[in-house]
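K.L.:
sequence below, structure please.
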Amino acid sequence: CVGPIVSDTSVMIGHLRRIVVPQAFYKVLLRQKTDGTWTSIGFIMPNEPGNRPLMSYMVSVNDVESIAGIDFFPNLPDTVEEAVESHFEVADWTI
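P.N.:
I've put the predicted structure just below:
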């Protein structure tokens with residue numbers, strides 16, 4: 001899942017059509033590992049120039065949900081969802 005992060009204080013541009021400029025963008029990933037367990041990871045990237053390593057933008061899916069106001073994986077059983085979304089393991093992802 002990928003999308004913009006906006007708020008009531010986001011900048012708007014344009015005269016005829018008011019377009020909101022996102023403050024940041026999110027991406028969340030979920031996958032099932034070969035052992036049958038699930039893993040997830042989230043990213044929040046500010047809408048600004050930068051060249052920081054990708055790992056510096058990593059956060060838990062719960063962090064992204066809190067900022068974006070979205071429940072990303074509601075179809076997972078609650079026990080699995082909470083365990084998967086509350087933390088991330090860098091070793092589960094080739095980055």
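K.L.:
in this protein, where is pLDDT below threshold?
P.N.:
The chain contains residues with pLDDT under 70 at 95.
K.L.:
now the strands: where do they sit in the protein?
P.N.:
2-5, 12-13, 19-20, 24-32, 38-46, 58-59 (DSSP state E).
K.L.:
tell me which of those strands is the most buried.
P.N.:
Mean neighbour count (mean count of other CB atoms under 10 Å) peaks for strand 38-46 among the strands of the chain, with a mean of 19. C-betas here are computed from N, CA, C, even on glycine.
K.L.:
partners of that strand in the sheet?
P.N.:
Strand 38-46 has its sheet partners listed here by DSSP bridges as strand 24-32 (antiparallel), strand 58-59 (antiparallel).
K.L.:
indicate which one of the ones you listed is closest to Ile67.
P.N.:
strand 24-32 (7.2 Å; CB to CB).
K.L.:
just send the strands of the chain back as JSON lines, with distance to Thr79 too.
P.N.:
Listed next are the strands of the chain as JSON lines, based on distance: least, CB to CB, whole Å:
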{"stretch": "strand 2-5", "distance to Thr79": "26"}
{"stretch": "strand 12-13", "distance to Thr79": "42"}
{"stretch": "strand 19-20", "distance to Thr79": "37"}
{"stretch": "strand 24-32", "distance to Thr79": "15"}
{"stretch": "strand 38-46", "distance to Thr79": "11"}
{"stretch": "strand 58-59", "distance to Thr79": "22"}
